[in-house]
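> I'd like to go over a predicted model; first the sequence, then the structure.
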Amino acid sequence: EVQLVESGGGLVQAGGSLRLSCAASGFTFDDYAIGWFRQAPGKEREGVSCISSSDGSTYYADSVKGRFTISRDNAKNTVYLQMSSLKPEDTAVYYCNAARRLGGTQLDYWGQGTQVTVSS
């Protein structure tokens, strides 16, 4: 059974830090790019950051660049999102996504999300 389990969310004051974890099981983790998305109340889900399966290259949305750092530990099948200098506008449910293209098929798995609340 494929599982992505996020953890590490919580309530933090503006300027604080949190580290989110995404633990994966049930598929070949090394073959998948892993991304973090977030969805704030009344807003669409947006991409925050992702890390490739191959060379570890990373992407960050402009809104988090310089404040968030994504990393992966393939030995532990886990991806982390270190979030610093948090702002109230970072408040959202954060989701982990695993994706790869196999032949002509796009494979996507999602976690259940973890709430991050940043108070001003």
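Structure received.
> state the number of residues packed around residue 14.
Residue 14 sits with 13 neighbouring residues when counted by other C-beta atoms under 10 Å. In short, each C-beta sits where N, CA and C put it, glycine included.
> isn't it right up against residue 89?
No - counting by C-beta atoms under 8 Å, residue 14 stays clear of residue 89, with 9.7 Å between them.
> secondary structure class for the residue nearest the centre of the chain?
Central residue of the chain (C-alpha atoms, centre = their mean): residue 36, 2.4 Å from the mean position. When classified by DSSP: H, G, I helix; E, B strand; the rest coil, residue 36 comes out as strand.
> residues contacting it?
20, 22, 47-50, 70, 79, 81, 94-97 (C-beta atoms under 8 Å, 6 or more residues apart in numbering).
> count of residues packed around the spatially closest residue to it that is not a sequence neighbour?
The spatial neighbour of residue 36 that comes closest, neighbours along the chain excluded (C-beta to C-beta, 6 or more residues apart in numbering), is residue 48 at 4.5 Å. Neighbours of residue 48 under the rule other C-beta under 10 Å: 23.
> just residue 113 next, same as before
For residue 113, the neighbour count with other C-beta under 10 Å is 18.
> distance of it from residue 74?
Distance, residue 113 to residue 74, by C-beta to C-beta, to the nearest Å: 23 Å.
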